[in-house]
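Q: sequence plus predicted model, see below.
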Amino acid sequence: MASELTGSQLREALNALGAVLLARDQHYEVVLVGGGSLLLRGLVKRSTRDADVVGEIRSGQLSRVRELPDPLRRAVHEVALTYALADDWLNVGPESLLDLGLPAGFEDRLTREDFRGLVVWVAGRYDLVCLKLYAAADHWPTVSRHLQDLVALQPGQSELLEAATWARSHDPSPGFRSLIVGVLRYLGMEDADRELS
């Protein structure tokens, strides 16, 4: 069974991946969201099964990736074998986010981390609040890992309301709004139904 990754293990795996790519004279720049970003930023202490790629940086621009390029995918597989990780420990996650739009200013808040033949751009804390609220609402009323991550991020009320507005731009249905209200109340916002526009 494939093991999960702690923050230090994720760094080690990314470093190994970058070394493999460098040895093959290959170079990629990927943008991470989700648990992998939280771990690389040191915002949570939990482990993660995988790291989600939301896009690639090409010519300085964030571009959509439907699947990892073959050379990168092969290198990911080799690192998985070496470190007993899931074969898709680095994978294309919620690529559809680029269809409906990431939070405004997302690219400005990215942080660059170099791993030799691999550059990883890590999502900013505010963007992770938005993404985690969206995911937590999608799984509500389950107290999911997404909700636990959101609690760990300790967002303020104004951040949560902005994140809720962004999440509703992806799903404006009344049903989804009620799920968001449930999450916000769980986080201590008793007036969430009134506060949420």
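A: That came through fine. Numbers count the residues shown, from 1 in each chain.
Q: is the nearest residue to residue 35 once chain neighbours are set aside bridged to anything, and to what?
A: Of all residues not flanking residue 35 in the chain, residue 48 sits nearest, at 3.6 Å (C-beta to C-beta, 6 or more residues apart in numbering). C-beta: built from backbone N, CA, C; applies to glycine. Residue 48 forms beta bridges with residue 5, as assigned by DSSP bridges.
Q: over to the one 5 residues further on?
A: Note on residue 53: beta-bridge partners residue 32, residue 92, judged by DSSP bridges.
Q: pretty sure it contacts residue 30?
A: Yes - counting by C-beta atoms under 8 Å, residue 53 does reach residue 30; the two are 4.7 Å apart.
Q: who's more crowded, these two?
A: Set residue 53 next to residue 30 and count neighbours by other C-beta atoms under 10 Å: residue 53 wins out with 26 against 23.
Q: joint contacts of residue 53 and residue 30?
A: Residues touching both residue 53 and residue 30 (C-beta atoms under 8 Å, 6 or more residues apart in numbering): 65, 90.
Q: the residue nearest to residue 35 and residue 3: what is the separation?
A: Residue 48 is 11 Å from residue 3, where distance means C-beta to C-beta, to the nearest Å.
Q: go on, residue 103?
A: Counting by C-beta to C-beta - residue 103 and residue 3 are separated by 32 Å.
Q: higher neighbour count, those two?
A: More crowded of residue 103 and residue 3, by other C-beta under 10 Å: residue 103, with 22 against 13.
Q: ok, and what's touching the lowest-mean-pLDDT helix or strand in the chain?
A: Using mean pLDDT, DSSP states H and E, the weakest-scoring helix or strand in the chain turns out to be helix 97-100, at a mean of 78. Contact partners of helix 97-100, identified using C-beta under 8 Å, 6+ apart, comprise 33, 54, 55, 62, 64, 131, 169, 170.
Q: stretch 165-180 too?
A: Outside stretch 165-180, the residues touching it (C-beta under 8 Å, 6+ apart) are 100-101, 103, 130, 133-134, 137-138, 140, 164, 192, 196-197.
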